[in-house]
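*Asks:* heads up, no residue letters with this:
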């Protein structure tokens, strides 16, 4: 019985740290503005990105070469997005406030994916420019 209680408390603490980490990563992405080229590629017309666009943006991110510095953050935010989607679908009808909060957080995840796409597009352009200059 005590072992089960310790396990539950440990999992709850781990979940709390995970959510805090993901929210801090997403908050850091809000400080970055998307470039015009990234907006064009992603089909984003303003700063607002809907939460439903996360999967599409994630597919675009996976098409770009990885610079090597955002893989762990991207996996964490993907897991957080899945958790939020589960929370929204489970409690959406019972607690609309929870569903609204989960949707706002999902929008933050989508904006993070757009920023990651912008970063990878920039990395790809720099890589291509470097290769072109080395050939000349």
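*Replies:* Arrived safely, thanks for sending. What you see is a predicted model; the values in this text were computed from it and never measured. Numbering: from 1, shown residues only.

*Asks:* in this structure, which spans are helices?
*Replies:* Along the chain, the segments classed as helices by DSSP state H run 2-29, 36-42, 54-63, 71-91, 96-135.

*Asks:* What residues sit buried inside the third one?
*Replies:* Of the residues in helix 54-63, those buried by neighbour count under the rule 16 or more other CB atoms under 10 Å are 54, 57, 58, 60, 61. Bear in mind the C-beta positions are built from the backbone N, C-alpha and C, glycine included.

*Asks:* Could you dump those into TSV with distance to residue 117 added?
*Replies:* Listed next are the buried residues of helix 54-63 as TSV, based on distance: CB to CB, whole Å:
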residue	distance to residue 117
54	11
57	6
58	9
60	5
61	5
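
*Asks:* ok, those vs residue 41, which is closest?
*Replies:* residue 60 (6.9 Å; CB to CB).

*Asks:* Test for you: state the pLDDT assigned to the closest one.
*Replies:* Note for residue 60: predicted pLDDT of 90.

*Asks:* nearest residue to it other than its sequence neighbours?
*Replies:* residue 117 (5.3 Å; CB to CB, 6 or more residues apart in numbering).

*Asks:* separation between the one you found and residue 21?
*Replies:* Distance, residue 117 to residue 21, by CB to CB, to the nearest Å: 21 Å.

*Asks:* more crowded one of these two?
*Replies:* Comparing residue 117 with residue 21 by other CB atoms under 10 Å, the one with more neighbours is residue 117, at 25 against 14.

*Asks:* Check the spacing between the more buried one and residue 54 real quick.
*Replies:* 11 Å.

*Asks:* can you check residue 73 too?
*Replies:* From residue 73 to residue 54 the distance is 14 Å (CB to CB).

*Asks:* And for residue 27?
*Replies:* 17 Å.

*Asks:* mind listing what's buried in stretch 40-56?
*Replies:* 41, 42, 44, 49, 51, 53, 54.

*Asks:* Confirm for me that the last one is in contact with residue 110.
*Replies:* What it means is residue 54. Yes: Residue 54 lies in contact with residue 110 (CB atoms under 8 Å); the separation is 4.2 Å.

*Asks:* ok, back up a step: where among the helices of the chain is average confidence lowest?
*Replies:* Looking at the helices of the chain, the weakest mean confidence is helix 36-42, a mean of 83.
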